[in-house]
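Q: Coordinates for the following, if possible.
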Amino acid sequence: MRMNKENATKQISFTLILSIVAMAINYMISFVLTPYITTNMGAEAFGFVSLAKTIANYGIIATGCLNAFAARYITIAYHKDDIEKANTYFSSVVIANIGLLLITIVFEVFFIYNIQLFIKIPTNLVSDVKVLFALDITNYMLLALANTFTVSAYIKNKLGSVETNNVITYLTQVIVLIVLYKFLPIRVSYVGVGLIISTLVLFVLNIRLSKKYTPELKVKKEIFSWRAVKKLVLSGIWNSINSIGNLLNSGLDLWVSNLMLSALEMGNLSIVKTVSTILSSLEQLLSRPFQPYLLKEYSNGDSKGVAQILNFEIMFSGYFSSMIFAGLITFGSLYYKLWTPTQDSMLLYGITVVTVVGFLFEGIVQPLFYTYTLTLKNRIPCYVTIGSGILNVIGMYVLLKYTNLGLYAVVGTTTVLGFITFMIFTPIYSAHCLGLKWNVFYLGIFRVLSAAVVITLVLKTLFMNFMPSTWIGLIVSSLCSCIIGVPIFMFIVLDKENRNLAINKFKKFREK
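A: Model (predicted):
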């Protein structure tokens, strides 16, 4: 497999390390901000921080049409030495994103002015929440525009540079938040200020990245092409429809909780979603470095090579998904007691248990989602996602209306439908897209699921009578758990040949 060459391995490792650093900084922002806001302003206030980000992300429905396949078309044209065509797509997508940003601002003004028609907001938070939503929505559209310039990293396989920019961006956000919260009266809107300033920094960094790696690509209004925009939109329309399905599946839970339960319940759910959002970012992070190699294998017509890479990805991301699943099941209650001591830790833990089951399903098959982009076969997945989303909303409404399940109803429907979508549809249809046997991915999936269950049982048994009670104890126990999980995972997931290969590499590493 080409991706196993030494230079490819180093490139993937370098990108992953930077990605993990970026994610860790992003996590620390949420880790510190969540208890700070919930303690000083209440869980209700923090709920609006999460809700603002969620509603801002609804913009993916508009931007997804345009941007989903931009990198694909620009990269292919560039590699075919058709720089004129690559420039046409590049200029068209950048200018069209600017147009979307301006249109969004018009709708944003209407929404912010009438925000109390859509969301229940405590009187003392109205003006602060309005500023927060305005900043978050504008930030999302600026971020979509800034990310169009990262196509050069895909072309030159320099995704590490993108992650370097992300690290700088998150550090900028940290500095802004520290200054604002230390020297000014506490406001939730400072989160939006930090986001938009850091995105402006990212904008400059990504433009520099584009000029460095692909100076041939320039934004020129005279080569803007409606035909190119139309082609991108028609290719990406199913991606946006899929985003609507994702919105129905998991993007409305905070809003539904706000309207059908209370601002406090929304706040509790937002604390859990802070964790789940980080986990979702990790899933995507682990898959991203492999995408240039998948694109190259598929461009060469090697579907088996693509499947080989994907099966490796399933095992690779499966280890992290399994360990996070086992860790949260084992230590989740303690984690919330230490992290948010003023909140109901057992309620948060219960909601997390239901949520993390869905995370495990999605995390294992996350690499397979890229097959839809590779093969341009997005229509059927969109139908499935939309159907699942509609059932999710109906299920949430019925359970909230006629039972006392509360937040468990909100997260439970998503997890149940996620199992059907991720474990049944995704592996089968991905194989179909690649023209391979329907069960080509199931052996790896079942092995990872089995490993997750076994690791969880082992950790629960080991720590049943030795549960730590401090942050230091939790960190040490978590690190020990990761070490304990490695041989279990290797034994269950890897076949004999790959097990021996991994063991030999570890021995050589120790001898150095």
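Q: could I have stretch 455-464 exported to PDB, CA atoms only?
A: Extracted in PDB, the C-alpha atoms of stretch 455-464 (Å, rounded to 0.1, in the frame of the first residue of the first chain):
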ATOM      1  CA  ILE A 455     -11.700  -2.700  27.300                       C
ATOM      2  CA  THR A 456     -14.600  -1.100  29.100                       C
ATOM      3  CA  LEU A 457     -15.300  -4.200  31.100                       C
ATOM      4  CA  VAL A 458     -11.700  -4.600  32.100                       C
ATOM      5  CA  LEU A 459     -11.400  -0.900  33.200                       C
ATOM      6  CA  LYS A 460     -14.700  -1.000  35.100                       C
ATOM      7  CA  THR A 461     -13.500  -4.100  36.900                       C
ATOM      8  CA  LEU A 462     -10.000  -2.700  37.600                       C
ATOM      9  CA  PHE A 463     -11.200   0.600  39.000                       C
ATOM     10  CA  MET A 464     -14.300  -0.600  40.800                       C
END
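Q: And the average pLDDT for that stretch is what?
A: Across stretch 455-464, the average pLDDT comes to 91.
Q: same check, this time on stretch 234-244
A: Here the average pLDDT along stretch 234-244 is 74.
Q: quick one: buried residues of that stretch?
A: By 16 or more other Cβ atoms under 10 Å, the buried positions in stretch 234-244 come out as 235-244. Just so you know, the C-beta spots here come from the backbone N, C-alpha and C atoms, and that holds for glycine as well.
Q: Ok, stretch 88-107 next?
A: 88-97, 100-101, 104.
Q: Report the mean per-residue pLDDT for that stretch.
A: Mean predicted confidence for stretch 88-107 is 84.
Q: Let me see the residues that make contact with that stretch.
A: 59, 62-63, 66-67, 70, 73-74, 77, 137-138, 141-142, 144-145, 148-149, 151, 217-221, 223-226, 228-229, 232 (Cβ atoms under 8 Å, 6 or more residues apart in numbering).
Q: let's go with 7 Å and repeat that
A: 59, 62-63, 66-67, 70, 73-74, 77, 137-138, 141-142, 144-145, 148, 151, 217, 219-221, 223-225, 228-229, 232 (Cβ atoms under 7 Å, 6 or more residues apart in numbering).
Q: So for the chain, the centremost residue is which one?
A: Nearest residue to the geometric centre of the chain (Cα atoms, centre = their mean): residue 281, 3.1 Å.
Q: circling back to that earlier point, between the buried residues of stretch 88-107, which is closest to residue 377?
A: Of all those, residue 89 has the smallest distance to residue 377: 21.0 Å, by Cβ to Cβ.
Q: so where does that closest one fall, helix or strand?
A: helix 83-113 (DSSP states H and E).
Q: Over to residue 23?
A: helix 6-41.
Q: Residue 468: what secondary structure?
A: What DSSP: H, G, I helix; E, B strand; the rest coil gives for residue 468 is coil.
Q: Show the pLDDT at residue 500.
A: For residue 500, the predicted pLDDT is 61.
Q: from here on, count from 545
A: That works, and once the first residue is 545, the last one we named lands at residue 1044.
Q: Could you give the number of residues near the closest residue in space to residue 898 that isn't next to it in sequence?
A: Among residues not flanking residue 898 along the chain, residue 955 sits closest, at 4.7 Å (Cβ to Cβ, 6 or more residues apart in numbering). For residue 955, the neighbour count with other Cβ atoms under 10 Å is 27.
Q: Can you list the buried residues in the strand or helix carrying residue 955?
A: Assigned by DSSP H and E, residue 955 falls within helix 951-963. By 16+ other Cβ under 10 Å, the buried positions in helix 951-963 come out as 951-962.
Q: can you check stretch 825-844 too?
A: 826-827, 829-842.
Q: Pipe the buried residues of stretch 632-651 into JSON lines and attach distance to residue 812 per row.
A: Below are the buried residues of stretch 632-651 laid out as JSON lines (distance: Cβ to Cβ, whole Å):
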{"residue": "632", "distance to residue 812": "49"}
{"residue": "633", "distance to residue 812": "45"}
{"residue": "634", "distance to residue 812": "44"}
{"residue": "635", "distance to residue 812": "46"}
{"residue": "636", "distance to residue 812": "44"}
{"residue": "637", "distance to residue 812": "40"}
{"residue": "638", "distance to residue 812": "41"}
{"residue": "639", "distance to residue 812": "43"}
{"residue": "640", "distance to residue 812": "40"}
{"residue": "641", "distance to residue 812": "36"}
{"residue": "644", "distance to residue 812": "34"}
{"residue": "645", "distance to residue 812": "34"}
{"residue": "648", "distance to residue 812": "30"}
